[in-house]
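# Following is a predicted model, sequence given first.
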Amino acid sequence: MFREMRRNKQSLPKEECIEILKKGTSGVLALSGDDGYPYAVPISYVLVGSRLCFHSARNGHKIEAIRKNEKASFCVIAQDQIVPEKYTTCYKSVIAFGRIRILENETDARKAAEALAVKYYPEDTEENRQETISREWNALYMIELSIEHLSGKQCIELVRA
């Protein structure tokens with residue numbers, strides 16, 4: 001169902017892909033947009049088990065695209081160093097493929113919101129975190145991408161090193 005990487009010597013092991021997803025702070029969510037055009041949007045996220053969780057306003061292109069087509073991908077770039085003399089970059093990146101949905105169950109959605117909040121502000125108090133989530137709750141959706149396939153790649157220079 002998913003293609004094998006053409007340059008498989010450059011593929012990253014699954015464990016390293018997961019570490020990149022855990023440490024990353026943002027990525028690009030790719031959806032099927034209007035009139036068959038791809039819609040890719042930079043977004044914050046958190047990895048919870050084998051799911052990626054995002055927040056969103058309740059309206060807009062992203063939500064409409066998710067409702068039309070549940071298939072999505074999400075890309076995180078962990079390293080991107082320009083090597084001018086070689087006309088290339090030294091990189092590491094991960095792409096997660098899967099099915100995306102709006103979390104309808106309030107308990108699941110709140111858990112995802114809490115995980116996202118803890119990732120980006122771990123020093124916050126539980127009380128303030130809950131107050132903030134409750135204050136914003138009616139204006140947001142929590143979304144999850146269930147990962148079906150994970151692919152990571154690095155530049156050949158890192159393989160040789």
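Cool, got the structure.

# What segments of this protein are strands?
For the chain, the strands defined by DSSP state E cover 27-32, 38-43, 46-48, 51-57, 71-83, 88-102, 140-154.

# and those strands as CSV, adding mean neighbour count, distance to Leu116 and mean pLDDT?
Backbone N, C-alpha and C define where each C-beta goes, glycine included. Formatted as CSV, those follow (neighbours: other CB atoms under 10 Å; distance: least, CB to CB, whole Å; pLDDT from 0 to 100):
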stretch, mean neighbour count, distance to Leu116, mean pLDDT
strand 27-32, 20, 13, 98
strand 38-43, 14, 11, 98
strand 46-48, 19, 5, 98
strand 51-57, 20, 6, 97
strand 71-83, 16, 14, 92
strand 88-102, 18, 15, 93
strand 140-154, 19, 8, 96
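
# Check the protein for its longest helix and report it.
Scanning the chain for the helix with the most residues, using DSSP state H, yields helix 106-120.

# buried set for that helix?
Ala109, Arg110, Ala112, Ala113, Glu114, Ala115, Leu116, Ala117, Lys119 (16 or more other CB atoms under 10 Å).

# Name the nearest of those relative to Cys90.
The nearest member of the buried residues of helix 106-120 to Cys90, counting by CB to CB, is Lys119 at 26.6 Å.

# Quick check: the residue most central in space within the chain vs Tyr37, distance?
Closest residue to the average C-alpha location of the chain: Phe74 at 4.7 Å, with CA atoms, centre = their mean. Here Phe74 is placed at a distance of 18 Å from Tyr37 (CB to CB, to the nearest Å).
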